[in-house]
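Asks: need the 3D shape of this:
(2 chains)
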Amino acid sequence: MQDNEIIELYFARNEQAISETDRKYGATCMRLSMNILNSRPDAEECVNDTYLNVWNSIPPQRPSYFKAFICRIARNLSLKRYRYLHSQCRDSHLTVMLDELDQCAALPEGDAAGLGEVISDFLEEQEQLTRLLFMGRYFHGCTVRDLARRCGMTTNAVSVRLHRVREELRDYLEERGYHV
Amino acid sequence: MKGMTLLASLSDVRDSLIEESLMMFDTPAEELCPKGQSAFSRFLNSGLGVAMICTVVSLGVLMGIIRAGQNPPVGTPGVSDGTTGYEEESSDVSDMPEETESETESERKNETTPVDPPENPFSGVIVDPNPTVPTPNIPTAPDPRPEWPTINWDPPRPQTPSVPRPNVPTPGPSPWP
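Replies: Purely as a prediction, here's the structure:
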């Protein structure tokens, strides 16, 4: 079923919309949530919460990119869940990712106004493979080994590319005033 | 938690970027990142590699031509390589000292049996160590330059008009004794 047809089901308040969404994008949401939470029960709970949020959002929203819309909701809920579960201690999987991004930007807590647009502008200046690796690592939460396997590269090559793009992002953000 | 702030802000990136990133999970690795050429093959296919290969080949051919010109093949007329294997008697006897008949006969008597020289593969071929190249008779073309006029440095003297000699009367007898 096409995305626009699924959206019409949401607008018609037809519960078949949720089953169609699960059939088409359930695996993607589960993979994304697992990469962040590293726990299947927590990931399943986040995916269910995602469907509820989509049902409550459509209408009035009519997203142009339905797949991206669902992934964004799933990711936010997973991060929220992660912060709730690991407020005292950090999971080793996400710790590495957070440490990498700590080197990337000197941002005070909560100062993220307009940061999404700035990062979007930065990523659109990069080549496609770099964008895929950056989004795959820090949006979808994939490991370096998983990225190397999916892109047909060595882990060292992926690590080097990610390091370079983090350095460039740091300079990019500093030029635009994102520093302490 | 600066990293968490940045991590969370990635949810606000443009939809097109998220859509593109999801392609990674649906596209085979060969299409995402095709195998590149090795550094050596990239060098060979580059302009610099082609230029270097052409230069090396050209230098090799040039060296071969130069060496072939310095060492011509054996047997070329007019060229002596010093290894004919047969020392022929010089036909030029101008430097040879004059021998008396007695000395010649005594030498002949005391001579040992002449040793047959080794077979000369070029027997019958007289190699002139000092070949003279006949000058070809090339007809000379007439000199197209015009002949300079001869200058007579003795200009003709102007003829002085003849002055009639005055009629001088002849003196008579001397009146004086």
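
Asks: apart from its chain neighbours, what residue comes closest to the spatially most central residue of chain A?
Replies: Among the residues of chain A, the one closest to the centroid is A:Phe139, at 3.0 Å (Cα atoms, centre = their mean). Nearest non-adjacent residue to A:Phe139, counting by Cβ to Cβ, 6 or more residues apart in numbering or on different chains: B:Leu10, 5.0 Å away. Quick note: C-beta positions are derived from backbone N, CA and C, even for glycine.

Asks: which SS class is that neighbour?
Replies: The three-state label for B:Leu10, taken from DSSP: H, G, I helix; E, B strand; the rest coil, comes out as helix.

Asks: and the gap between it and A:Arg176?
Replies: As judged by Cβ to Cβ, to the nearest Å, B:Leu10 and A:Arg176 stand 16 Å apart.

Asks: and if you look at B:Asp12?
Replies: Using Cβ to Cβ, one obtains 15 Å as the distance from B:Asp12 to A:Arg176.

Asks: got the residues of chain B near chain A?
Replies: Taking Cβ under 8 Å from any Cβ of the partner chain as the test, the list of chain B residues beside chain A reads B:1-25, B:29-30, B:32-33, B:35.

Asks: for PyMOL, write a command that selects the buried ones of the residues you listed.
Replies: The command below creates a PyMOL selection of those among the residues of chain B next to chain A that count as buried (16 or more other Cβ atoms under 10 Å in any protein chain shown):
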select buried, chain B and resi 2+3+4+5+6+7+8+9+10+11+12+13+14+15+17+18+19+20+21+22+24+32+33
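
Asks: in chain B, what residue comes closest to chain A?
Replies: Residue nearest to chain A within chain B (Cβ to the nearest Cβ): B:Asp12, separated by 2.6 Å.

Asks: for the closest residue to that residue other than its chain neighbours, grab the count of nearby residues.
Replies: Of all residues not flanking B:Asp12 in the chain, A:Gly116 sits nearest, at 2.6 Å (Cβ to Cβ, 6+ apart). When neighbours are defined as other Cβ atoms under 10 Å in any protein chain shown, A:Gly116 has 17 of them.

Asks: check A:Leu32 too.
Replies: Residues near A:Leu32, counting by other Cβ under 10 Å, number 27.

Asks: for it, helix, strand, or coil?
Replies: Assignment for A:Leu32 (three-state DSSP): helix.

Asks: okay, B:Leu22: pLDDT?
Replies: What the model reports for B:Leu22 is a pLDDT of 89.
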